[in-house]
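Novice: Predicted coordinates and the sequence they were generated for:
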Amino acid sequence: MDGDNGSCLMEEITENTDIDEMVFDAIKVDVIGFGALNVDKLYKVKNIAGVDGESFIKSEDVSPGGSAANTIIGLSKLGCSTSYIGKIADDEDGDLLEYNLILNNVYLNNLIYADKGNSGKVLGFVSEEGDRELYVDPGVNDDIHISEINPLNVNQAKILHYTSFVGDSFKAQVELLDVIVDSVLLSFDPGALYVEKGFEALRPILERTNILLINERELKILFEDDENLKNGSFRDMAVYLRDFGIDTVVVKRGTEGAYAINSRDDEVKIPAFLSDAVDTTAAGDSFNAGFLYSYLKGFDLAKSVTVANWVASKTVQGVGISSLPEEKELNEFIDSYEF
């Protein structure tokens with residue numbers, strides 16, 4: 001993006017926005033997340049039932065979540081300063097989501113409060129093996145408009161981390177790209193919802209993306225309509241995206257670990273840290289936290305992916321993000337591990 005054009009666009013927004021109604025706290029944070037905020041209502045089941053199948057619920061757990069929120073909270077636990085662009089309603093679920101951000105030291109200066117509607121929620125079913133199925137009620141998540149976002153705050157951050165919305169807030173994410181300065185790095189985890197839009201729909205975001213964090217299945221869906229790549233390997237697709245202009249491409253491969261390549265021709269395959277998985281719901285989100293933490297620390301690509309794999313392996317040992325490691329525990333791992 002041209003820096004001068006970005007500055008002009010930002011000036012236009014600030015002139016046409018009542019800044020008195022927008023809290024500008026001049027808080028410089030490491031990472032701002034921008035994605036859905038949901039209360040996760042997770043049900044432990046014996047197995048995931050197929051079509052016309054049956055299973056039974058063994059237990060239930062209610063916790064605040066959302067992909068970007070999980071990553072931001074993970075970063076906060078690892079000692080990074082964070083904030084969040086998201087929307088909540090004036091309801092019990094909204095109170096829980098707000099309290100959880102406060103509890104985890106996430107600044108609320110970018111949080112948006114809706115006058116009506118309900119906060120987002122996800123009904124999740126997790127099997128004894130850690131497999132899952134999720135059903136989303138987006139609520140006010142899908143009613144975020146660019147006029148509700150303060151670009152002055154966003155441009156204080158080092159990294160802006162995007163994840164998916166079910167509906168129209170995708171437009172606000174695209175529009176925000178026009179007003180963020182070049183010094184703000186864009187991290188993007190599209191998730192299943194966004195890769196199903198197809199490459200061309202995501203092109204505006206991908207063109208601005210500095211760090212792409214995507215799992216292998218989603219990568220293949222992203223290119224399923226591309227005659228040249230749809231039968232290619234995950235490496236072929238990652239190299240294409242790197243050559244497309246994305247500085248760092250990371251492919252999350254579950255128990256197979258992760259692959260990454262960057263514009264400096266660093267290329268790594270790092271095995272997973274195997275652990276007894278209780279819930280894999282936040283595995284990818286916690287991986288993202290570990291990788292972005294490492295990126296901010298200036299670690300090389302291999303060390304960054306190794307740290308990300310380790311953070312994910314710790315997280316899946318509990319429900320949701322309850323087992324996210326703290327900074328002290330990560331530092332002990334880094335000091336003891338032979339990279």
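Specialist: That came through, no problem.
Novice: so Asn150 touches Asn110, yeah?
Specialist: Yes: with contacts counted by Cβ atoms under 8 Å, Asn150 reaches Asn110, the gap being 6.7 Å. Any C-beta I mention is one placed from the backbone N, CA and C, and that applies to glycine too.
Novice: buried set for stretch 28-43?
Specialist: Using 16 or more other Cβ atoms under 10 Å as the burial criterion, the residues of stretch 28-43 that qualify are 29-43.
Novice: Give me the buried positions along stretch 117-132.
Specialist: Neighbour counts using 16+ other Cβ under 10 Å place 117-122, 124-127, 132 of stretch 117-132 among the buried residues.
Novice: whoops, stretch 317-327 was the one
Specialist: Neighbour counts over stretch 317-327 (16+ other Cβ under 10 Å) mark 319-321, 323-325 as buried.
Novice: now stretch 175-187
Specialist: Neighbour counts over stretch 175-187 (16+ other Cβ under 10 Å) mark 175-180, 184-187 as buried.
Novice: again, but for stretch 59-66
Specialist: For stretch 59-66, a neighbour-count test (16+ other Cβ under 10 Å) marks 63-66 as buried.
Novice: Save those as JSON lines, and put in secondary structure, distance to Ile57 and pLDDT too.
Specialist: Listed next are those as JSON lines, based on DSSP: H, G, I helix; E, B strand; the rest coil; distance: Cβ to Cβ, whole Å; pLDDT from 0 to 100:
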{"residue": "Ser63", "secondary structure": "strand", "distance to Ile57": "16", "pLDDT": "86"}
{"residue": "Pro64", "secondary structure": "strand", "distance to Ile57": "21", "pLDDT": "91"}
{"residue": "Gly65", "secondary structure": "strand", "distance to Ile57": "19", "pLDDT": "86"}
{"residue": "Gly66", "secondary structure": "coil", "distance to Ile57": "23", "pLDDT": "90"}
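Novice: Can you pick out the ones from the buried residues of stretch 117-132 that are in strands?
Specialist: 120-122, 124-126, 132 (DSSP state E).
Novice: Pick out the lowest-pLDDT one from those residues.
Specialist: Of all those, Arg132 carries the smallest pLDDT score, 77.
Novice: In three-state terms, label the residue of the chain most remote from its centre for me.
Specialist: Relative to the centre of the chain, and counting by Cα atoms, centre = their mean, the farthest-placed residue is Asp52 at 33.0 Å. At Asp52 the chain is in coil, as set by DSSP: H, G, I helix; E, B strand; the rest coil.
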